[in-house]
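Colleague: okay, predicted coordinates and the sequence, questions at the end:
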Amino acid sequence: MTSPNGSTNSAVRWRFTHPTVFENSLGIVRIVSIGTLLLIGWLDYITGYEFGFFIFYFIPVAISAWYCGPKEGISVAIASAICWYLSDRFTHHPYSHAYFVYWEMFMRLLSFLTTAMTLSKIRNLVLNEEQMIAELTAARNQLAKRNNSGTSS
Amino acid sequence: MNTVFTYIERLPVRSKKMGCLLICLLVGAADYGTGDFSLSLFYFVPIAVASWFIGFRTANYIAFVCSAELFIINLIVVPEKGMFVSFRFWNALMEGCFLFLTAYLMSKLRIEMDRSRQRSIALEAVNLELESFSYSVSHDLRSPLVWIGGYCHSILQHQGDRLDDRYREYLIEACRGLQRMEKLIEALLGLSKISKDKLTPETVDLSNIARSVADQLVLSEPERQVTFQISDGVACCGDPNLLRIVLDNLLGNAWKYAREQVHTIIEFGTLSDGERITYFIRDNGVGFDMTIADDLFIPFQRLHDSDRFEGHGIGLATVKRAIDRHNGEIWAESSEGNGATFYFTLGDEQD
């Protein structure tokens, strides 16, 4: 797995951080992200409102947005906000005004949505760039092939 | 929105930094003033502005200042009632982490977008340069060819009788070569022109164009037995000149590669899957091997021997470029000896 120059390490790291690495098993990615979301929601619930779990909701949002795309990312962001709200509601977080919980939920939702959309955008840029490089390489290879055949004939 | 972006972009870096810091302090003051009505999301604004318009380092610095404000407000100034200090610390830490995460993601997005834009600009410039180069080369090659052709014809016309048969044959061959080269240059100029000309989309009657191309082909070789089966009322939205070139080339190819058949059948029609229309041109000619179908649309690439079927290998590349400009797709299906079918689609939004 490792090599003295670390090239294999970087290759392995690249392989798993690439947005299309789980392209053939998106169902599993969806299940993992939903499972993670439910687990975080449950942990958030059992640890009570005082112990904030807000940052961990970004994990399923990031997984979905990065590996599956914007639609899944946004769906999981909405689901995360709902989970956060339910957890906060059922742990009886006291607010000085009842509507504050909705405001808090709205802010969480915006945070999750922003993260999902930013990651999806980066994902698309990375994929577009790779596609462009692939097309340019193919064109260069075709040119080289033609030049070679021209030289040999 | 764009005006605001341009305005911020043009501000000096120092003003941007001061502006971000000011917003950060204002949000902190407002957050303090509103008590347990949290405004933590608004800390996102100066961080996003700093990430987008200044850079990752400044964004981190602003995120640090915002986090410090959050810590002070949540831990000291307006702590949530009845909550342990450790929990308050943890919650402020979480909010701070979110701010750093935002700074990182926004900066990363900006870097990726800049890189992508720069690559696109560089590629467009290179492409334009190549197009201009091939256009000017093709154009400049023409005039010496005209001279050479003129001199060859003149010699043949005025002194042809005095030349012995061998040298006359050489001159005739040279004239034929010049004609081939003129056609090739014409095709190359056509290929460059297709990318350069502005599209003027309108409703085009493809059936009419196909019929007029078919008439021309029949006139060129009236002795051939050919049946054209052209569907009526095939229309689309596109550039009439480019679509004429497409049909000219595709029907011309069908005509050419079905030459060895006693009775040629060429068909033009459409297929529809409910969502989009696919146009097709089918012939019963020699066809080609599908394993080398990828080379079909590459300039100068020929799948058949030029002694058997004349041509320069530019036609299908020109067709592909015309279809690309209509945001469409083109592909072909065939098997050797069983004819070929070329399919193409046209996009809704055109270049």
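Modeller: In hand now; what should we look at? This structure is a prediction, so every number in the text was calculated from the model and none was measured.
Colleague: got the contact list for the helix or strand hosting B:V226?
Modeller: Element membership of B:V226 [criterion: DSSP states H and E] is strand B:225-230. Contacts with strand B:225-230, where a contact means C-beta atoms under 8 Å, 6 or more residues apart in numbering or on different chains, come from B:207, B:210-211, B:214, B:217-218, B:255, B:258, B:262-269. Glycine gets a C-beta too; all of them are placed from N, C-alpha and C.
Colleague: cutoff 10 Å now
Modeller: Residues from elsewhere that reach strand B:225-230 (C-beta atoms under 10 Å, 6 or more residues apart in numbering or on different chains): B:206-211, B:213-215, B:217-218, B:251, B:254-255, B:258-259, B:261-269, B:281-284.
Colleague: same check, this time on stretch B:332-343
Modeller: Residues outside stretch B:332-343 that contact it (C-beta under 10 Å, 6+ apart): B:246, B:249-251, B:253-254, B:257-258, B:260-261, B:264-267, B:270-271, B:278-290, B:293, B:296-297, B:303, B:316, B:319, B:329-331, B:344.
Colleague: is chain A within reach of stretch B:84-94?
Modeller: Yes: judged by C-beta under 10 Å from any C-beta of the partner chain, stretch B:84-94 and chain A are in contact via B:F84, B:S86, B:F87, B:R88, B:W90, B:N91, B:A92, B:L93, B:M94.
Colleague: please apply the same query to stretch B:95-112.
Modeller: Yes: on the criterion C-beta under 10 Å from any C-beta, stretch B:95-112 is in touch with chain A at B:95-98, B:101-102, B:104-106, B:108-109, B:111-112.
Colleague: please identify the buried residues of that stretch?
Modeller: B:95-110, B:112 (16 or more other C-beta atoms under 10 Å in any protein chain shown).
Colleague: go through these and flag which are in helices.
Modeller: B:95-110, B:112 (DSSP state H).
Colleague: which non-adjacent residue is nearest B:L206?
Modeller: In space, B:L206 comes closest to B:V234 once its chain neighbours are excluded; the distance is 4.4 Å by C-beta to C-beta, 6 or more residues apart in numbering or on different chains.
Colleague: I'd assumed B:D205 was in contact with that neighbour.
Modeller: Yes: if you go by C-beta atoms under 10 Å, B:V234 and B:D205 touch, sitting 7.5 Å apart.
Colleague: okay, these two: which has more neighbours?
Modeller: Neighbours were counted for B:V234 and for B:D205 using other C-beta atoms under 10 Å in any protein chain shown; B:V234 has more, 18 against 15.
Colleague: what pLDDT does A:N147 get?
Modeller: According to the prediction, A:N147 has pLDDT 68.
Colleague: same check, this time on A:W42
Modeller: pLDDT, A:W42: 93.
Colleague: does the closest residue to chain A within the stretch 251-351 of chain B count as helix, strand or coil?
Modeller: Nearest residue of the stretch 251-351 of chain B to chain A: B:I298, at 5.9 Å (C-beta to the nearest C-beta). Here B:I298 is coil, with the state taken from DSSP: H, G, I helix; E, B strand; the rest coil.
Colleague: excluding its backbone neighbours, what's nearest it?
Modeller: A:Q142 (5.9 Å).
Colleague: before we move on, what about A:A77?
Modeller: Spatial nearest neighbour of A:A77, excluding adjacent residues (C-beta to C-beta, 6+ apart): A:F112 at 3.6 Å.
Colleague: next up, the contacts around that neighbour.
Modeller: A:54, A:57-58, A:60-62, A:65, A:73-74, A:76-81, A:84.
Colleague: at 8 Å what do you get?
Modeller: Here A:F112 is in contact with A:Y57, A:F58, A:V61, A:V76, A:A77, A:I78, A:S80, A:A81 (C-beta under 8 Å, 6+ apart).
Colleague: so which pair among those residues is furthest apart in space?
Modeller: Maximum pairwise distance in these, criterion C-beta to C-beta, is 13.9 Å, between A:F58 and A:I78.
Colleague: neighbour-wise, which of the two wins?
Modeller: A:F58 (22 against 15).
Colleague: low-confidence regions, the chain specifically.
Modeller: Going with chain A. By pLDDT under 70, the low-scoring segments of chain A are A:1-15, A:146-153.
Colleague: sorry, should have said chain B
Modeller: Applying pLDDT under 70 to chain B flags residues B:1, B:77-83, B:306-307, B:349-351.
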